[in-house]
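S.K.: Sequence and computational prediction follow.
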Amino acid sequence: MKELTLAAQDGLELSIAIGEVRRPRLILQMIHGAVEHKERYYEFIEYLNGYGVTAVISDSRGHGRSVNDAYPLGYMDGHERLLDDQLRISRYIKETYPGIPLALFGHSFGSMLARCYLQRHDDEIARLVLSGTVAYIPVVPVGITLGELAVRRSGEHGYSPLFRYLNGDSDDIQWTSASEANKEARNNDPLCRYPYQNEAMLTIFKTDKELHAFEKFQCKNPGLPILSVSGAEDPVTGGKLGLKDTINTLRRIGYQDITANVYPNMKHEVLNEEDRLVVYRDIATFLISQGSSPAV
């Protein structure tokens, strides 16, 4: 795994890892989820390498090693900055691997950011994979109001226990995985065991609201193939109704090629469950399958 840094617009050094193959069929840009980091995806990346896919993953700002004094662990200040970081990474990838199709992957909070990426830049990518696909929450405006109150009361770097609880940022990780080994590994990982600050929590709520900001989606690439992979026991998807809303939302925006795989006996982190190789294979097959891939 090759590691490097890329300067963000504000000077933050984004920590990036590249699992590279000699003659890639496709480049996959990956966005991890909340309160985690890029190293958790190295096994999956190595698997994709076997299919001729080069994968590029970064620590999102305020996560892993993409931190500085302004962005310590657990701090984010809006999805716009996070998206700008990902667009810079897309530009880097296209300069480094000219002419190779680019696909985008997002897990959990990363799946929300990936859907926001679509608003203006869906013509940058050839395929999209959503993992642990987060549902739009109808009461999210209430959460935003409470988050703004928490910021006013204890500051953007403060911690509101109530706001944390409402946003699911707690010490209970039973919902994340059916795999005891995975939960133990996450519990023992210091880069997965820290609280989000108020502004970071507010960022998550505001990002969820963007999922239904229909007027912002330009849909320049309506033929974009989209794959969602999620566990049948994942509460984050909103269950059958939540996934139905996600698919209907994407169709309302204008996307026509949408597939949703739901895996029995799995929870949120389908890439880390005991039967994860089934999910790995399905994603790899989707990425390299022939079909409409207009973006390069």
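M.R.: Sure thing, it's come through.

S.K.: Below-threshold pLDDT in the protein: ranges please.
M.R.: 166-170, 290-296 (pLDDT under 70).

S.K.: could you show me where the helices are in it, in order?
M.R.: 42-49, 79-96, 109-121, 140-154, 161-166, 180-187, 198-210, 239-253, 276-288 (DSSP state H).

S.K.: Out of those, flag the one nearest Val21.
M.R.: Comparing the helices of the chain by their distance to Val21 (C-beta to C-beta), the top pick is helix 42-49, with 5.1 Å. Every residue, glycine included, has its C-beta placed from N, CA and C.

S.K.: hmm, back to that, between the helices of the chain, which one is closest to Leu4.
M.R.: Each of those has some distance to Leu4 by C-beta to C-beta; the shortest is helix 79-96, at 9.3 Å.

S.K.: And that closest one, what's buried?
M.R.: Buried residues in helix 79-96, counted by 16 or more other C-beta atoms under 10 Å: 79, 81-83, 85-86, 88-90, 92-93.

S.K.: Go ahead and flag the most central residue of this structure.
M.R.: For the chain, the residue nearest the mean C-alpha position is Gly110 (1.4 Å; C-alpha atoms, centre = their mean).

S.K.: Look up which residues are beta-bridged to the closest residue in space to it that isn't next to it in sequence.
M.R.: Excluding the flanking residues, the one nearest Gly110 by C-beta to C-beta, 6 or more residues apart in numbering is Ile31, at 3.4 Å. Taking DSSP bridges, one finds Ser58, Gly106 as the beta-bridge partners of Ile31.

S.K.: residues in contact with Ile31?
M.R.: 57-58, 60, 86, 104-107, 110-111, 113-114 (C-beta atoms under 8 Å, 6 or more residues apart in numbering).

S.K.: of these, closest to Ser15?
M.R.: Ser58 (6.5 Å).

S.K.: re the thing from before, ok, so of the buried residues of helix 79-96, who is nearest Val142?
M.R.: Nearest to Val142 among the buried residues of helix 79-96: His79, at 18.8 Å, using C-beta to C-beta.

S.K.: can I assume the closest one is in contact with Asp208?
M.R.: No: His79 is not in contact with Asp208 according to C-beta atoms under 8 Å; the separation is 9.6 Å.

S.K.: Are there residues contacting both of those two? Which ones?
M.R.: When contacts are counted by C-beta under 8 Å, 6+ apart, His79 and Asp208 are jointly contacted by Met112.

S.K.: Quick check: the residue nearest to the centre of the chain vs Lys240, distance?
M.R.: In this view, Gly110 and Lys240 are 23 Å apart by C-beta to C-beta, to the nearest Å.

S.K.: What sits closest to Ala34 if chain neighbours are left out?
M.R.: The shortest distance from Ala34 to any non-neighbouring residue, by C-beta to C-beta, 6+ apart, is to Phe109 (4.1 Å).

S.K.: Would you quantify the distance from the one you found to Arg25?
M.R.: From Phe109 to Arg25 the distance is 28 Å (C-beta to C-beta).

S.K.: quick one: which of these two has more around it?
M.R.: When neighbours are counted by other C-beta atoms under 10 Å, Phe109 and Arg25 differ, and Phe109 comes out ahead with 27 against 13.
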